[in-house]
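>>> The following comprises the amino acid sequence and a computationally predicted model.
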Amino acid sequence: MCISPQAYDEAMCACANSAAATSSVEEELGENKLCMFVDPEMADNIMAPFAVVLQRDGTKVQVQFIVTFRKNVASFTG
């Protein structure tokens, strides 16, 4: 998943051109907040209403994700 169709195309070219260094390309794209690589297991867990399709353009789909962060907090009384 990338922030734009152009970022996606660039990511796919970078991965194709450096097959041996794919993990470094993935890391760089993630650090620059351009793309996030999603494995099939993770994709199975992303379901509506967490992802909403906003627009379709050929083979690309623009989606909006709802992200929830949970933090466990322990409270002590004494």
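Perfect, I can see it now. These numbers come from a predicted model, not from an experiment.
>>> In this protein, where is pLDDT below threshold?
18-22, 40, 43-49, 67, 69, 78 (pLDDT under 70).
>>> Name the residues of the lengthiest helix in it that are buried.
The residue-count maximum for a helix in the chain (DSSP state H) belongs to helix 5-17. Buried positions in helix 5-17, judged by neighbour count with 16 or more other Cβ atoms under 10 Å: 7-8, 11, 14-15. To be clear about C-beta, it is placed using only N, CA and C from the backbone, and glycine gets the same treatment.
>>> Please enumerate the helices of this protein.
5-17, 22-31, 40-45.
>>> helices or strands up against the first one?
Same thing as helix 5-17. Using 3 or more Cβ pairs under 8 Å, 6 or more residues apart in numbering; DSSP states H and E, the elements in contact with helix 5-17 are helix 22-31.
>>> now the helices of the chain in a markdown table, with distance to V73?
Formatted as a markdown table, the helices of the chain follow (distance: least, Cβ to Cβ, whole Å):
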| stretch | distance to V73 |
| --- | --- |
| helix 5-17 | 36 |
| helix 22-31 | 28 |
| helix 40-45 | 25 |
